[in-house]
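Colleague: following is a predicted model, sequence given first.
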Amino acid sequence: MSERRSRWVLSVGTALLCLGWSVARAGQDVQIGDARLQWSGYLRQYLSVNLEDQPDRLADGSTLGGQGELSMARTSLLLKGSLDFGVFRIFSIGRWSREAETDYLDDLSDSSGVDLVDDVYDENELRELFVEFGLGERWNFRLGKQQVVWGETDFFQAGDIIHGFDQTWRSFFEPENEEWRKPLILANVEIAIPELDGSLQLIYRPGWDDDDDLGNSLDVFGGRWAAQGSRGANTLALFPYNYEHNRGDSDDASYGFRWSGFGFDLAYSIYYYHTLNQEQVLNFIANPYGDAPLNGFGEFIFPQIDIIGGTATGYISAIDSVWRAEVAYTLDKPYNYGFAGTPFAGTAGVIEEDTARLMLGLDMALRQFGDGTSSPWQLSFQLFDSWIPGFDGSDGIIDIVTAKKKEHSITATVLLAMNFKHDSISPSIAFLHDVSYGGGAFVPAIDYKPGDHWRLRLEADLFYKSGNTCSTNPATGAGLICTHAFGTLDNSDQLLARITYQF
Amino acid sequence: MIKANPRTGSQHLGVLVLLMALSVGQQTLAEEVPPGTVISADNLDALQDATFEGHRIGDLLTESFQFWIREHGLKMKLKASDPVKLDPRYLEATEQNAGAVTLNPDGTVSGYRAGIPFPNVAVGDERAALKLVWNHFYANVGNPDNIASDAPVYVMEADKGVIRELGGSNYKINMEGRYTGSAASFGEPGLHRKNLLALNSPYDLAGLGIYQVQFNDGRADDVYVYVRSIRRVRRSGGGRAWMDSQPLMDLLNDDNQGLDAYPLWYEGFELLGERWILAVVTAPDPNEPHTLADRVEQQSPWWNPVNVEWEPRKVRVIRAVPPKEHPYGYKVLYQDAAFPVFYHSEIYDKQGNFWRIWRQNYHQATSVDGYPHMVLSATQAIDFKFQRATYIDGSRQAFNDPAVRPDDFSPKLLSRFASGQNGLK
């Protein structure tokens, strides 16, 4: 057994001991003097298998391959605790994850020079730690590291803008997005104003977070979720992150507000937030965006932006369904431009364009399929558009990696969630299609929940190309001009098993 | 279940003697049995013609309860009946508003302020069933002005025992028909009740449930659910959410308190008559420390209540027919003849086959502001078709708390439950 696998076994063993301690403690809710202690959590094992060979060229000149190999063997222990003193409570979530270095990951690490397991996938993270208390009848304070979720959009970020997402270890397919949202240290104040049937939420981030807690974290280091053509290649070696750029400094404060209320049979919200752009932008020496790159060549930065938005949901009685809509308008959102279809895509500089992210969704309960013993089936439709109102095709704005962006980037999603046998068996099918560029994903899954503790999820992540979407051929470089979102996921089909013991 | 045993020839004489003895015994049992008598599968036939407080025992037990006793081992200990004490303010509001309420030709109600809207419904009244259901909608004894119940929820299967233990809560505040304060109603006209029915455990189910605002004019409920996968409270279709199952349980949202929907969403109601049944109105206080074993027999089928006593109550029997998209064919509800509270309902599927029993134990309690009243102690629903049951075991309960305000209720409570907490604040 290799030293690394021994460490993995040791880590899993430690997790099991913690779990055993947690389970052995009678109950999960105890009174300690005047305080009430509650805890819960889970021990979870992920196993994912590649369904296709991957054509990426490794540093030694070989082809990656990988069909039938384990791309992830990840063990996570999450502990959630709350200590409630009545007048205030302390809440925390910690998560520890360890991965086994599979042969597939070993190949990627050797090629990229990044120790994927130790430096990327393993984690010891205090994900949340905050104190919460009320003042008077109206004010509620939550201070500390936490998650604040705005917006009504599924799968994509429109109003859910306070936090970035960590898409390195599971891309965006983990069903519970709280698991990959990156918590931040925030002052979160909510003021109830019942006279107006609503509440005002004020958010202030003082800038005390770790740098990499800001913005979305993508696999740009050649790991298992890297875009086709860059698996096994560490882009960060060439273009590192700079979180302290004059256009966007993680130490600078973020702030904003949201009013949410009810009126005219609608639930609605309006919000403003000043923060760092969630998507990274390349700051290249040829035409720097603000300060020149620290390494004198190029770097990824997260410029500051301002977002104004709103949501509304309402009920359509004729079809017993709920519609939801959202607009998130970003002023001067930065994009890379120039040299589309080449390896130098985006290096011409950064252009600012107002951008509206629009969402329209419909959620229906399909009660005709129920038998009265399970929750109704749910069918959800959503159209999501990232629209650049001042779009000029000649600007050559880059979409995702190397292809040209259009004025509208529209993705349609359909989700069908079913329930059988008193909700203990829940199959689901998610379908995403890129309307603007082509390509998409089909994600059938089944969840088995036999009792209070064990959970099993089996999932297939299946991707396709269509329309104007192609993928980059790692050998020839062909396809750079047409590689859009789902083209980057070419040959990434996989099966996932997720086994959870929760307590 | 009683099974026939093969007997030897010499045992037949003993059986004959036993039958003679039973015959003599039945002559005695045909008379009044004392409090403390336990009805069980062993003596059900023998006790059929006996009486308790003058009521024939066979007539105190509905067909479904006789089935439960015979096939699933229910034991019912008899208790002498005592008058139920209700909040004097509730009774006073009923008296003050008597005669002010009208049942309109379209089935709606006008003129309601507080108390029981139709306090004296004659059995012969051709619209009696609808009036009794409106009485329950507006003035169910089990829904005081506000009530907060935290309760472990146990789901059991007949051959396995408890398969799930959930942390559940039900918080309600009446927005109209109030009798505890100076205002009979809160908020905009048409508001009826705010209701939170949610789980705070286990880990992946915390937040599951509904937050519901009900109306008295037939408007679809405003319903919100917590979607754990995206950590958001989201609005849900309220027009038919009342027909949905309570999460993982053997009862629907509409089974809350026997019948929770706006009455006119049902296709119709029929008064089947008046009779006496056995009900539990002196169950143990849910706030007393206890375990499931103190409340439910710990042997197959794992759902029979223990440590409760059953006493005769006079009831009105109402057949309720829901719309065709509802999972039930119909249900038969048993409402106290003196005040609106349902003791149990018998639920039938679309083919007319007996499916479930919903029932509640009640107890005499004292409100936070110091008045006597009868409220629920535990709820159970037994699914005889699927051989499983749900027992909602009240563990922390408070009602008519003057500190509870309408503004304490909002969809955000679901987020609170999702973080593993409960309570209004």
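Modeller: Right, received. Where do you want to start?

Colleague: what about residue B:258, how many neighbours?
Modeller: By other C-beta atoms under 10 Å in any protein chain shown, 27 other residues sit near residue B:258. Using the backbone N, CA and C atoms, a C-beta is placed for each residue, glycine as well.

Colleague: for it, give me its contacts.
Modeller: Residues near residue B:258 by C-beta atoms under 8 Å, 6 or more residues apart in numbering or on different chains: B:136, B:333, B:335, B:342, B:344, B:345, B:358, B:360.

Colleague: contacting residues for the nearest residue to residue A:420 once chain neighbours are set aside?
Modeller: Using C-beta to C-beta, 6 or more residues apart in numbering or on different chains and skipping the chain neighbours, the partner closest in space to residue A:420 is residue A:374 (6.0 Å). Contacts for residue A:374 (C-beta under 8 Å, 6+ apart) come out as A:419, A:420, A:421, A:422, A:423, B:245.

Colleague: torsion angles phi and psi at the fourth one?
Modeller: Its backbone dihedrals place residue A:422 at phi 50, psi 40, with angles given as degrees, to the nearest 10.

Colleague: likewise for the third one?
Modeller: Recorded main-chain torsions at residue A:421 are phi 50, psi 60, according to degrees, to the nearest 10.

Colleague: tell me how many other residues crowd it.
Modeller: Counted with other C-beta under 10 Å, the neighbours of residue A:421 add up to 14.

Colleague: I'd like the distance between it and residue A:455.
Modeller: Residue A:421 sits at a distance of 15 Å from residue A:455 (criterion: C-beta to C-beta, to the nearest Å).

Colleague: just for the stretch 101-250 of chain A, where's the confidence low?
Modeller: Within the stretch 101-250 of chain A, no stretch has pLDDT under 70.

Colleague: which residues of it fall in strands?
Modeller: Counting by DSSP state E, counting those that start in this stretch, one finds strands in the stretch 101-250 of chain A at the ranges A:123-135, A:139-146, A:184-193, A:198-205, A:244-245, A:248-249.

Colleague: can you check the stretch 201-350 of chain B too?
Modeller: According to DSSP E, counting those that start in this stretch, the stretch 201-350 of chain B carries its strands in the segments B:209-215, B:222-227, B:232-236, B:268-279, B:309-321, B:330-336, B:342-348.

Colleague: name every strand pairing with the longest one and say which way it goes.
Modeller: Read it as strand B:309-321. Strand B:309-321 pairs in its sheet with strand B:76-78 (parallel), strand B:268-279 (antiparallel), strand B:330-336 (antiparallel), by DSSP bridges.

Colleague: swap in the second one?
Modeller: The pairing partners recorded for strand B:222-227 under DSSP bridges are strand B:209-215 (antiparallel), strand B:232-236 (antiparallel).

Colleague: output the strands of the stretch 201-350 of chain B as TSV; include the columns mean neighbour count and mean pLDDT.
Modeller: As requested, those are exported to TSV (neighbours: other C-beta atoms under 10 Å in any protein chain shown; pLDDT from 0 to 100):
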stretch	mean neighbour count	mean pLDDT
strand B:209-215	23	93
strand B:222-227	24	88
strand B:232-236	22	84
strand B:268-279	18	98
strand B:309-321	20	98
strand B:330-336	23	98
strand B:342-348	23	98
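
Colleague: closest to residue A:355 out of those strands?
Modeller: Smallest distance to residue A:355 across the strands of the stretch 201-350 of chain B (C-beta to C-beta): 22.9 Å, for strand B:232-236.

Colleague: which residues in the stretch 251-400 of chain A form strands?
Modeller: Under DSSP E, counting those that start in this stretch, the stretch 251-400 of chain A gives strands at A:254-263, A:266-276, A:281-284, A:298-301, A:304-316, A:321-337, A:349-366, A:377-387, A:398-399.

Colleague: can I get these in TSV including distance to residue B:143, mean pLDDT and mean neighbour count?
Modeller: What follows is the strands of the stretch 251-400 of chain A, written out as TSV (distance: least, C-beta to C-beta, whole Å; pLDDT from 0 to 100; neighbours: other C-beta atoms under 10 Å in any protein chain shown):
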stretch	distance to residue B:143	mean pLDDT	mean neighbour count
strand A:254-263	24	95	17
strand A:266-276	26	96	20
strand A:281-284	57	97	24
strand A:298-301	58	97	24
strand A:304-316	25	95	19
strand A:321-337	27	96	21
strand A:349-366	26	96	19
strand A:377-387	30	95	19
strand A:398-399	57	94	22
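
Colleague: among these, which comes closest to residue B:105?
Modeller: Set against residue B:105 and scored by C-beta to C-beta, the strands of the stretch 251-400 of chain A come closest in strand A:304-316, at 28.8 Å.

Colleague: please identify the residues of the stretch 51-200 of chain B in proximity to chain A?
Modeller: With the criterion set to C-beta under 8 Å from any C-beta of the partner chain, the stretch 51-200 of chain B comes near chain A through B:155, B:163, B:164, B:165, B:166, B:167.

Colleague: ok, those residues vs residue A:261, which is closest?
Modeller: Distances from residue A:261 to these, taken by C-beta to C-beta, are shortest for residue B:167, at 30.0 Å.

Colleague: just to check, the closest one is in contact with residue B:153?
Modeller: Yes. Residue B:167 is in contact with residue B:153 according to C-beta atoms under 8 Å; the separation is 7.5 Å.

Colleague: any common contacting residues for the two?
Modeller: residue B:199.

Colleague: tell me the contacts of the residue of chain B found nearest chain A?
Modeller: Nearest residue of chain B to chain A (C-beta to the nearest C-beta) works out as residue B:327 at 2.6 Å. Residue B:327 is in contact with A:370, A:371, A:372, A:373, B:243, B:252, B:349, counting by C-beta under 8 Å, 6+ apart.

Colleague: could you dump those residues to JSON lines with distance to residue A:311, pLDDT and neighbour count?
Modeller: Below are those laid out as JSON lines (distance: C-beta to C-beta, whole Å; pLDDT from 0 to 100; neighbours: other C-beta atoms under 10 Å in any protein chain shown):
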{"residue": "A:370", "distance to residue A:311": "29", "pLDDT": "73", "neighbour count": "20"}
{"residue": "A:371", "distance to residue A:311": "34", "pLDDT": "74", "neighbour count": "12"}
{"residue": "A:372", "distance to residue A:311": "33", "pLDDT": "75", "neighbour count": "21"}
{"residue": "A:373", "distance to residue A:311": "34", "pLDDT": "86", "neighbour count": "22"}
{"residue": "B:243", "distance to residue A:311": "28", "pLDDT": "92", "neighbour count": "22"}
{"residue": "B:252", "distance to residue A:311": "30", "pLDDT": "94", "neighbour count": "26"}
{"residue": "B:349", "distance to residue A:311": "41", "pLDDT": "95", "neighbour count": "16"}
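
Colleague: mind checking which of those residues are in helices?
Modeller: In helices, judged by DSSP state H, none of the contacts of residue B:327 are found.

Colleague: most widely separated two among those?
Modeller: Greatest spatial distance among these (C-beta to C-beta): B:243 and B:349, at 13.9 Å.

Colleague: okay, stretch B:283-290 in PDB with CA atoms only?
Modeller: Extracted as PDB, the C-alpha positions of stretch B:283-290 are listed here (Å, rounded to 0.1, in the frame of the first residue of the first chain):
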ATOM      1  CA  ALA B 283     -54.200  11.200  27.600                       C
ATOM      2  CA  PRO B 284     -51.000  11.900  29.500                       C
ATOM      3  CA  ASP B 285     -49.600  15.500  29.200                       C
ATOM      4  CA  PRO B 286     -47.200  15.500  26.300                       C
ATOM      5  CA  ASN B 287     -44.900  17.800  28.300                       C
ATOM      6  CA  GLU B 288     -44.200  15.000  30.800                       C
ATOM      7  CA  PRO B 289     -40.900  13.300  30.100                       C
ATOM      8  CA  HIS B 290     -41.600  10.000  28.400                       C
END
